[in-house]
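A.B. asks: Here you go, sequence then predicted model.
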Amino acid sequence: MYAGDLVVLGVCSIMLILLFFSFKVRSRAFRMFLSLVGILMAAAATHVTFHTLLKYRPNLPTGLFYGFQSLYHGLLLFMLYQFAAYICQVTGLTKEERKVYHTIGGMLILVVLAAELFVNFSGSGIQLGDGAASAGGNRIFMIGYGLFIVMLSMLMIQVRHHLYRRMMNGFYMTMVFAVAMLAIAKLNGQDSFTTATFLFPVVAIMYLLHSNPYDAQLGSNDLRGLEGLIRYSDDKGKTYLYLSLYMRELDETARQMPGDLQAIVRRFTAQYFRSSVMFRVGNGHLLMMVRKERNPDYEARTEAILRAFDQEYQNFKLDYKIVIGQTTAELNRNNEYVSFIRSIHTRIPENTIYRVQPDDIDKFRKYEAILHQLADIAGQKNLDDPRVLVYCQPVLNIRTGKYDTAEALMRLQLPEEGLVYPDRFIALAEENGFIHVLTEIILHKVCKAVKALNEEGYCIDRVSVNVSAMELRNQHFCMDISSIIDRSGIDGKQIAIEMTESRNERDFLLMKEKIAELKQKGITFYLDDFGTGYSNMERILELPFDIIKFDRSMVVAGAQDKRSEQVLGSLADLFAKLDYAVLFEGVETEQDEEMCRECCASYLQGYKYSRPVPMEQLKEFLTKK
Ligand code: C2E
Ligand code: CA
Ligand code: CA
């Protein structure tokens, strides 16, 4: 009878409902998969109709029943044909390779149907009244089925290396199971589950190939899902609006997103735009894609979601970067949205909203070129790499009235970009793990230059090198630094390291440990950019820094109003009393200098004395012994 067909109709309907309510990559393979489901449902419906008519209208012309039975068989075989086509598609067979299977499959269907109709109409066909379609037609169909299975097996063997092995095994097992079920049923004269056995490969495909990871808590999809969406929208010429939210703190750790934040993400995805899809492309990086045509009033909606975001931010206070833009053909081509957005992150400050400008793609290409060069520099690890330049800014020592220390500042000299300044590559190098090699190159070049200055009789107390906090996480950090200094033959006393305050407990502890270790070599430590971060005094005092560098922003503020100047004075005084030397950065004018001198300054650095110059020119500021 047709119990199995009803099951198939039910299961397929549920599958379609689930597919509709979950986000699926609408690739070509996915559309083929949907057609498989459709054909199967049509076959099941035909079979049900056939049996219903047989039961309630047995007196209809026999030819009609023959027709129904053949249609049913034809649909089942067509499904196998489509299954073969699907396998060809996902395994990426060439047109020629596919053609073989399309031809054999098509021929098989035609021959089987012709044979079946011939057998039926020549009299040995359905014996109506038995309540089942039996004999000739069925036998012919089973032969066709067997031949199709042979063809599918050949295909599966041919493509066995095209897909992940375990996945292929999943397919093999499913096919064996389906054939076995059908054979057992037929041997026992059971007809009602024939359609049901065709459901197995469909379930296998859905499970193995179209179940892209879906984060139920966030309601988000992953990077692969994004790729599918971009490809699909590009094919169809659709434009999407994207809203990217990046939260550094979550992204840099594996920390789970707090539950109430998850709830907000869910709400934001559902509430503000029609048919928006959320993608989670990093632990702390969310990308919402919105169909522009479906939201003609997207600008008002964007304003609304940003207002709501700002309110939530007041509670969470997690640093963020928001980037808003629209998909374009150029970025669609290789789906470069994530790296494009990351390139923007490197040049916008925390807690800002950035709207993508037309020239950002150009900047992105340059950014990529720089990234490519950085990767090459890091890969070669040549400490004399000519692309890495050392500039130096002399520092005035108030006590001696001379320039006897300097800060090393990096520049890149790149083939296409020319001279590149730190604002365009330091963050990039840090984010991609190239910064430590750059530090090693700078340190090596500084040591060499200092050695030459010593030999030529110039007085140079030390040169400071900037080090990024994340470098300390490198196990070999201290060893790398020590060995470069040792190999150069200069004294560790002539080298200083500048570091900014740590952002978290882990980096703080690391810093404490590494500073202590390197101080034994005589290296001096500067706390860089004091006054720009959250300045946790307790922590700063716990770290054995020698010199505190007051950031230019403090100098500017101090020069502008009396109160700030008083704060600056007291802070500098406090550090001086605690035996730190105080250095003021960014001294540009006479007034700046005057104020700094009144604030217990030991060292002054800024454009007033000199801009950073190539290290070879440092001599011009130094005195000879
Ligand atoms: P920083 O360590 O705070 O370096 C001081 C920056 O202020 C330098 O910018 C310098 O040119 C600039 N500066 C000096 N005097 C004045 C002044 O009077 N007024 C103003 N407005 N600015 C002044 P630069 O060379 O562009 O470097 C920017 C940042 O890039 C540095 O800030 C540092 O954080 C980073 N950096 C530079 N070289 C290196 C390096 O070798 N390693 C690492 N990790 N970071 C580096
Ligand atoms: Ca510095
Ligand atoms: Ca600084």
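C.D. replies: Sure, I can see it. Ligands and ions are numbered 1, 2, ... in the order given.
A.B. asks: From here on, just use CA atoms for contacts and neighbour counts.
C.D. replies: Will do.
A.B. asks: so Leu245 is in which element?
C.D. replies: Using DSSP states H and E, Leu245 sits within strand 240-246.
A.B. asks: buried sites along that strand?
C.D. replies: Judged by neighbour count (16 or more other Cα atoms under 10 Å), strand 240-246 contains these buried residues: 240-246.
A.B. asks: Helix or strand next in line after it, which one?
C.D. replies: Using DSSP H and E, the helix or strand that follows strand 240-246 in sequence is helix 248-252.
A.B. asks: for that next one, what is the average pLDDT?
C.D. replies: Mean pLDDT, helix 248-252: 88.
A.B. asks: Which elements pack onto that helix?
C.D. replies: Of the remaining helices and strands, none touches helix 248-252 by 3 or more Cα pairs under 8 Å, 6 or more residues apart in numbering; DSSP states H and E.
A.B. asks: about what we covered before: and the strand holding Leu245, what does it pack onto?
C.D. replies: Packing contacts for strand 240-246, counted by 3+ Cα pairs under 8 Å, 6+ apart, involve strand 285-291, strand 321-326.
A.B. asks: For Thr46, find the nearest of these.
C.D. replies: strand 285-291 (38.3 Å; Cα to Cα).
A.B. asks: who does the closest one pair up with?
C.D. replies: Applying DSSP bridges, strand 285-291 is found paired with strand 240-246 (antiparallel), strand 276-282 (antiparallel).
A.B. asks: Can you flag the weakest of these by average pLDDT?
C.D. replies: Ranked by mean pLDDT, the strands paired with strand 285-291 bottom out at strand 276-282, which scores a mean of 91.
A.B. asks: so what's Val467 up against?
C.D. replies: By Cα atoms under 8 Å, 6 or more residues apart in numbering, Val467 lies in contact with 439, 497-499.
A.B. asks: Quick check, pLDDT for it.
C.D. replies: Per-residue pLDDT puts Val467 at 97.
A.B. asks: how many other residues sit next to Leu527?
C.D. replies: Around Leu527 there are 21 other residues, counting by other Cα atoms under 10 Å.
A.B. asks: So it: helix, strand or coil?
C.D. replies: Here Leu527 takes the strand state, with states given by DSSP: H, G, I helix; E, B strand; the rest coil.
A.B. asks: Any chance of a markdown table for the strands paired with strand 285-291, columns distance to ligand 3?
C.D. replies: As requested, the strands paired with strand 285-291 are arranged in a markdown table below (distance: least, Cα to the ion, whole Å):
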| stretch | distance to ligand 3 |
| --- | --- |
| strand 240-246 | 26 |
| strand 276-282 | 31 |
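A.B. asks: Tell me which of these sits nearest to ligand 1.
C.D. replies: Closest to ligand 1 of the strands paired with strand 285-291 is strand 240-246 (Cα to the nearest ligand atom; 22.3 Å).
A.B. asks: Now find how far off-centre the closest one is within its chain.
C.D. replies: Taking Cα atoms, centre = their mean, to the nearest Å, the mean C-alpha location of strand 240-246 is offset from the chain mean by 13 Å.
A.B. asks: One more: stretch 346-353?
C.D. replies: Mean-position distance between stretch 346-353 and its chain equals 18 Å (Cα atoms, centre = their mean).
A.B. asks: Point out the one among the strands paired with strand 285-291 that comes closest to Arg333.
C.D. replies: With Cα to Cα, the closest approach to Arg333 among the strands paired with strand 285-291 belongs to strand 240-246: 14.3 Å.
A.B. asks: What about Tyr207, how many residues nearby?
C.D. replies: Using other Cα under 10 Å, Tyr207 is surrounded by 12 other residues.
A.B. asks: what about it, distance to ligand 1?
C.D. replies: 48 Å (Cα to the nearest ligand atom, to the nearest Å).
A.B. asks: wait, is that residue part of a helix?
C.D. replies: Yes: assessed by three-state DSSP, Tyr207 belongs to a helix.
A.B. asks: who are the neighbours in contact with it?
C.D. replies: With Cα under 8 Å, 6+ apart, Tyr207 has no contacts at all.
A.B. asks: For it, give its distance to ligand 3.
C.D. replies: 55 Å (Cα to the ion, to the nearest Å).
A.B. asks: Can you tell me how far that residue is from Met278?
C.D. replies: 22 Å (Cα to Cα, to the nearest Å).
A.B. asks: now the strands paired with strand 285-291 in JSON lines, with distance to ligand 1?
C.D. replies: Shown next, in JSON lines, are the strands paired with strand 285-291 (distance: least, Cα to the nearest ligand atom, whole Å):
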{"stretch": "strand 240-246", "distance to ligand 1": "22"}
{"stretch": "strand 276-282", "distance to ligand 1": "25"}
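A.B. asks: returning to that earlier point: generate JSON lines for the helices and strands packed on strand 240-246, with distance to Gln591 as supplementary columns.
C.D. replies: Below are the helices and strands packed on strand 240-246 laid out as JSON lines (distance: least, Cα to Cα, whole Å):
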{"stretch": "strand 285-291", "distance to Gln591": "45"}
{"stretch": "strand 321-326", "distance to Gln591": "37"}
